[in-house]
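S.K.: test case, fold it:
(one chain, ligands or ions: 2)
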Amino acid sequence: MFLWLLPSDDRSCWRRCCCLLNYLLLLFVLCCLWFCIRSDRQLLGPPRTCRSQGAATNFSIGSSSLQSIALQRMLYKKPDALKPPRSDICTMTPWFAPIVWNGTYNSDILKAQFEGRNIHIGLTLFAIKKYTVFVSTFIDTAEKYFMVGHKVTYYVFTDRVSDIPTVELAEGRQMVVLRVPTYQRWQDVTMRRMEMLRNYSRQRFIDEVDYLVCVDVDMRFSDEVGVEILSDLFGTLHPGMYGLPRESYTYERSPQSEAYIPLDEGDFYYAGGFFGGNIEEVYKLTNFCHNAMMTDKAKNIEAIWHDESYLNKFFLYHKPTKILSPEYLWDNSFGIPKFLKRRRFVAVPKNHNEIRN
Ligand code: 4GW
Ligand code: MN
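M.R.: Numbering: from 1, shown residues only. Ligands and ions are numbered 1, 2, ... in the order given. This next block holds a predicted model:
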């Protein structure tokens, strides 16, 4: 309003000055804006998109994505940092792989962790020659206890496709029967499982399932086996050898064999009848075992406990990330020791003469 007090020449001069100032201000704001956008790009690398979904925000940076999650309240018994849940058994290896025993984990917490991941588990079993008689009990009991509520595919390897019974399966579960060759020698029947698992891992399992669980067929499930067993690579303590000193483990002791383990080495004795993990790890395991067997075969040697000996060699130098206690592979002929709170997967007694001839 003071402009009106000035002479008219001076007034138009002031107007021009104000106009110029406005232009400069606009230029300054544009410069700032450009600078902000540029520095933001340099900090984050490739272009960034941000989607807002209520409370959750997802960022895609290049090919990876960062997600925010909704937190869920849960009520359960508090863990005690100064008191282990059980003191009668060992629950952790020196390489920090948990040993899974009843009473050491909370399955509600584990279930919540797996919820929404929609995992698919492959359970492999071999029923060659007369071992087809074990299939129906195996599947019936697995339907009741094995990974209930999860997607499961039973892969049944057999040379007698027509002997495999059709079993009614729960929703989300299916059976795939795979015809495989048989071998004359029984040692080859058990050992060649490694080769077939290796081949199918790279041909098929890698595209179909997230985890593989590879077990003996002469077994029945008699209690829950769930996501607590899952890990990148897991093995199981042999029910006959968990408490022994390493020198008495029945490892292969001949230095000529690929399965050789010296007397001063060894952590545990793992059972050949229950191992697994993700497909990459199961591939490494089965590929190693098969190749080691072939190397020995070329030298006309075979490890003392066949596939189990090569499995033990592999686990010694490529340690499992989780270990299952003998709850997961028990044989009632060993009695029922006090520490064994559950028997989840138990050997079906077999008439050796009848079944193996
Ligand atoms: C001796 O005559 C035999 S036959 C030893 C094993 C045989 C065998 C094993 C067989 O004829 N058919 C067969 O399918 N298998 C598979 O190998 C089957 O999945 C079985 O569970 C697995 C290991 O053999 P196994 O259960 O008899 O071994 P152990 O007694 O040590 O659990
Ligand atoms: Mn068996």
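S.K.: okay, and the closest residue to E308 other than its chain neighbours sits in which element?
M.R.: Leaving out its chain neighbours, the residue that sits closest to E308 by C-beta to C-beta, 6 or more residues apart in numbering is G272, at 3.3 Å. All C-beta atoms are positioned from the backbone trio N, CA, C, and that covers glycine. Using DSSP states H and E, G272 is not contained in any helix or strand.
S.K.: which bits of this protein sit near ligand 2?
M.R.: Within the chain, the positions near ligand 2 by C-beta under 5 Å from the ion are 216, 218.
S.K.: helices of the chain, start to end?
M.R.: For the chain, helices defined by DSSP state H occupy the ranges 8-44, 107-114, 135-145, 186-200, 206-208, 279-298, 307-317, 352-356.
S.K.: centroid residue for the protein?
M.R.: For the chain, the residue nearest the mean C-alpha position is S231 (3.5 Å; C-alpha atoms, centre = their mean).
S.K.: and it, its phi and psi?
M.R.: Here is the backbone geometry of S231 (degrees, to the nearest 10): phi -170, psi 170.
S.K.: related to what we said a few turns ago, comparing the helices of the chain, which comes out most buried?
M.R.: A comparison of the helices of the chain by mean neighbour count, using mean count of other C-beta atoms under 10 Å, puts helix 307-317 on top with a mean of 22.
S.K.: tell me the contacts of the residue in the stretch 251-357 of the chain that ligand 1 sits nearest to?
M.R.: Using C-beta to the nearest ligand atom, R356 is the residue of the stretch 251-357 of the chain that sits closest to ligand 1, at 3.0 Å. Going by C-beta atoms under 8 Å, 6 or more residues apart in numbering, R356 touches 130, 186.
S.K.: tell me the spacing between it and F274.
M.R.: 21 Å (C-beta to C-beta, to the nearest Å).
S.K.: go on, T190?
M.R.: For T190, the distance to F274 - C-beta to C-beta - is 14 Å.
S.K.: how about Q72?
M.R.: From Q72 to F274 the distance is 32 Å (C-beta to C-beta).
S.K.: ok, back up a step: any chance of the helices of the chain in TSV with mean pLDDT as columns?
M.R.: As requested, those are arranged in TSV below (pLDDT from 0 to 100):
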stretch	mean pLDDT
helix 8-44	63
helix 107-114	95
helix 135-145	98
helix 186-200	98
helix 206-208	98
helix 279-298	98
helix 307-317	99
helix 352-356	84
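S.K.: output these as JSON lines; include the columns distance to P245.
M.R.: As requested, the helices of the chain are exported to JSON lines (distance: least, C-beta to C-beta, whole Å):
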{"stretch": "helix 8-44", "distance to P245": "57"}
{"stretch": "helix 107-114", "distance to P245": "33"}
{"stretch": "helix 135-145", "distance to P245": "34"}
{"stretch": "helix 186-200", "distance to P245": "27"}
{"stretch": "helix 206-208", "distance to P245": "39"}
{"stretch": "helix 279-298", "distance to P245": "25"}
{"stretch": "helix 307-317", "distance to P245": "15"}
{"stretch": "helix 352-356", "distance to P245": "29"}
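S.K.: buried sites along stretch 334-350?
M.R.: By neighbour count on 16 or more other C-beta atoms under 10 Å, the buried set for stretch 334-350 is 340, 342-348.
S.K.: burial measure for the residue nearest to E308, as a count.
M.R.: Residues lying near G272 (other C-beta atoms under 10 Å) number 25.
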